[in-house]
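Participant: My questions are about this predicted structure, shown below with the sequence.
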Amino acid sequence: SRSAPAPLSESLRRAADLLSLGADAATAWEVAASDPATESLARMARRSAASGSSLAGSMTELAADGRIQVEHLAAASAERAGVLISGPLGLCFLPAFICLGIIPVVVGLASRVLDGGLL
């Protein structure tokens, strides 16, 4: 629990303390079950205590799911940054594009049209 994030660390410490004092699993994991961050861990620990099955396999799956969720959040954040940066870049490059790309073309066409006597 020392290297775990704050909500998980507190839940693990509290459950370990209660279990070492002799509390049953339902009581020990009650606080962790009320926190959305540790709810699935508490549910697996209660199920493991009731059935006598190993908690390691479930914890491995939970850790893999957590890593996948963090990976998706990081990818979404990177995509969002790409979208957010396009606005300021557009505002910076749009005046330069107009001054260096559109105005010379319009002036060149206008001078030909006006000098050629079309108007």
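Facilitator: Nice, thanks for sending it over.

Participant: remind me which residues of this structure are low pLDDT?
Facilitator: Confidence mapping of the chain against pLDDT under 70 gives the ranges 117-119.

Participant: Centre-most residue in this structure?
Facilitator: Ranked by distance to the mean C-alpha position of the chain (CA atoms, centre = their mean), the top residue is Leu73 at 2.2 Å.

Participant: Tell me, how many residues neighbour Leu12?
Facilitator: 18 (other CB atoms under 10 Å). No exception for glycine: its C-beta is placed from N, CA and C like everyone else's.

Participant: Now do it against Ala26, distance only.
Facilitator: Here Leu12 is placed at a distance of 16 Å from Ala26 (CB to CB, to the nearest Å).

Participant: Now name the helix or strand holding the residue nearest to the centre of the chain.
Facilitator: helix 56-97 (DSSP states H and E).

Participant: helices or strands next to that helix in the packing?
Facilitator: If you count contacts as 3 or more CB pairs under 8 Å, 6 or more residues apart in numbering; DSSP states H and E, helix 56-97 packs onto helix 39-51.

Participant: For the helix it packs on, buried residues please.
Facilitator: Neighbour-count burial for helix 39-51 flags Ser40, Leu41, Ala42, Met44, Ala45, Arg46, Ser48, Ala49 (criterion: 16 or more other CB atoms under 10 Å).

Participant: can you redo the residues you listed as CSV with distance to Ser86?
Facilitator: Supplementary listing: these in CSV, determined by distance: CB to CB, whole Å:
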residue, distance to Ser86
Ser40, 38
Leu41, 40
Ala42, 43
Met44, 43
Ala45, 46
Arg46, 48
Ser48, 49
Ala49, 52
